[in-house]
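Trainee: Here is the input, now give the coordinates:
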Amino acid sequence: MRHRLILPATLGTFTVGLVLALAAQSAEQRPCDQIIHACKQAGFVEGDYKKGYGLWIDCIDPIMRGTKQPAIADKPLPQVSPELIEACRKNDPKFGLRHKGEGVL
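Mentor: Reported below is the predicted structural model:
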């Protein structure tokens, strides 16, 4: 009897611990994901580069390159700390540097 009670309790404890660990991990956003989120919060939309508020061409690329937005861009860039940009570059050196021309997504 005693062994039958211990097994479900151990399994339950393990399951709860695993769920909490996964939840904590998903709560910590990677630096590049934080930049994507900041751009989306500022109104930039993936695929709308021809309208002047494309996620990559009009927001992420200029932030990561440290350049001005394209002339067609109609929304201001969100404030992103230099530390966040550097942390993103360390995680993914090519992030925001892949989209060189208009119409490239």
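
Trainee: Mind listing what's buried along the helix or strand hosting Met64?
Mentor: Per DSSP states H and E, Met64 falls inside helix 61-65. By neighbour count on 16 or more other Cβ atoms under 10 Å, the buried set for helix 61-65 is 61-64. All C-beta spots, glycine's among them, are computed from the backbone N, C-alpha and C.

Trainee: before we move on, what about stretch 72-91?
Mentor: 73, 75, 77-78, 80, 84-85, 88-89.

Trainee: quick one: Gln41 from Gln34, how far?
Mentor: 10 Å (Cβ to Cβ, to the nearest Å).

Trainee: neighbour count winner among those two?
Mentor: Neighbour comparison, Gln41 and Gln34: the larger count goes to Gln34, with 16 against 9 (by other Cβ atoms under 10 Å).

Trainee: what does whichever strand or helix holds that one contact?
Mentor: Using DSSP H and E, Gln34 falls within helix 31-41. Helix 31-41 is contacted by residues 29, 55, 59-60, 63-64, 77-80, 84-85, 87-88, 90-92, 95-96 when judged by Cβ atoms under 8 Å, 6 or more residues apart in numbering.

Trainee: mind redoing it with 6 Å?
Mentor: Residues outside helix 31-41 that contact it (Cβ atoms under 6 Å, 6 or more residues apart in numbering): 55, 59-60, 78, 80, 84, 87-88, 91-92, 95.

Trainee: and what of stretch 75-92?
Mentor: 31-32, 35, 38, 42-43, 53, 63, 95.

Trainee: got a winner among these for most neighbours?
Mentor: Ile35 (23 neighbours).

Trainee: Distance-wise, check that one relative to Ala71.
Mentor: 22 Å.

Trainee: Could you do Phe44 as well?
Mentor: 16 Å.

Trainee: quick one, which of the two is more surrounded?
Mentor: Legend: neighbour count by other Cβ under 10 Å for Phe44 and Ala71, higher for Phe44 (24 against 7).
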